[in-house]
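K.L.:
Next one to model:
(one chain, ligands or ions: 2)
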Amino acid sequence: MAIRTILEFPDPRLRTRAQPVTRFDADLHRVIDDMLETMYAAPGIGLAATQVDVHQRLVVIDISDDRNDPLVLINPEILSREGETATEEGCLSVPGYFDEVKRASKIRVRAQDRDGKVFERDCEEILAVCVQHEMDHIDGKLFVDYLSSLKRERVRKKLEKERKERAARASAPERRRSAL
Ligand code: GNR
Ligand code: NI
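P.N.:
Ligands and ions are numbered 1, 2, ... in the order given. Predicted coordinates for the structure are as follows:
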């Protein structure tokens, strides 16, 4: 298993609409295992394949306190939605920013497991929120898209600045050190 790099907003690759998974083979299982390891290490309660630059309809979630109850959703579909909830959300692709998003409070999801077997599951509370957040990712959507453009621009500028500073440190560490 390996920890993969998580793409960060405003990386255009996060806007890719993922393709359905058609092969339930060893390559898929390797991606799933890497995604679980990456999610647990981050740490996060969910991760979509899009976030690790794999453009397939695949998400992993674990909302358990003990971090030992992984849920793998492949080619997920929402069959029904009920109610409304506003939750303070964060995203591994938008590090350091949290804001409230309104979503359905209960959903029924149909998906395939890692062997391709179809199952359905009722989700509520944080699990329902997380499934909707992850399913947005595989459609190229981010939670900041629900905020005002003013807030989204502010977040984008802050993250772009941080990314440029990181790149500068990585590309010329010697020159920067001797300049001190
Ligand atoms: O770790 C995460 N926490 C979280 C909190 C509230 C609503 C959604 C999430 S998902 C997020 C991990 C992530 O970015 N998944 O795509
Ligand atoms: Ni996210």
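K.L.:
in stretch 112-132, what's buried?
P.N.:
112, 114, 123, 126-132 (16 or more other Cβ atoms under 10 Å). Where you see a C-beta, it was placed from the backbone N, CA and C, and this is true even at glycine.
K.L.:
Let's have the residues you listed in a markdown table, adding pLDDT, distance to L58 and secondary structure.
P.N.:
Below are the buried residues of stretch 112-132 laid out as a markdown table (pLDDT from 0 to 100; distance: Cβ to Cβ, whole Å; DSSP: H, G, I helix; E, B strand; the rest coil):
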| residue | pLDDT | distance to L58 | secondary structure |
| --- | --- | --- | --- |
| Q112 | 99 | 9 | strand |
| R114 | 98 | 9 | coil |
| C123 | 98 | 17 | strand |
| I126 | 98 | 20 | helix |
| L127 | 98 | 17 | helix |
| A128 | 98 | 19 | helix |
| V129 | 98 | 19 | helix |
| C130 | 98 | 15 | helix |
| V131 | 99 | 13 | helix |
| Q132 | 99 | 16 | helix |
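K.L.:
Now narrow these to whatever sits close to ligand 1.
P.N.:
The residues of the buried residues of stretch 112-132 that also fall near ligand 1, by Cβ under 6 Å from any ligand atom, are 129-130.
K.L.:
mind checking the longest helix of the chain?
P.N.:
Longest helix in the chain by number of residues, with DSSP state H as the criterion: helix 149-171.
K.L.:
Is that one in proximity to ligand 1?
P.N.:
No. Judged by Cβ under 6 Å from any ligand atom, helix 149-171 and ligand 1 are separated, with a smallest distance of 13.7 Å.
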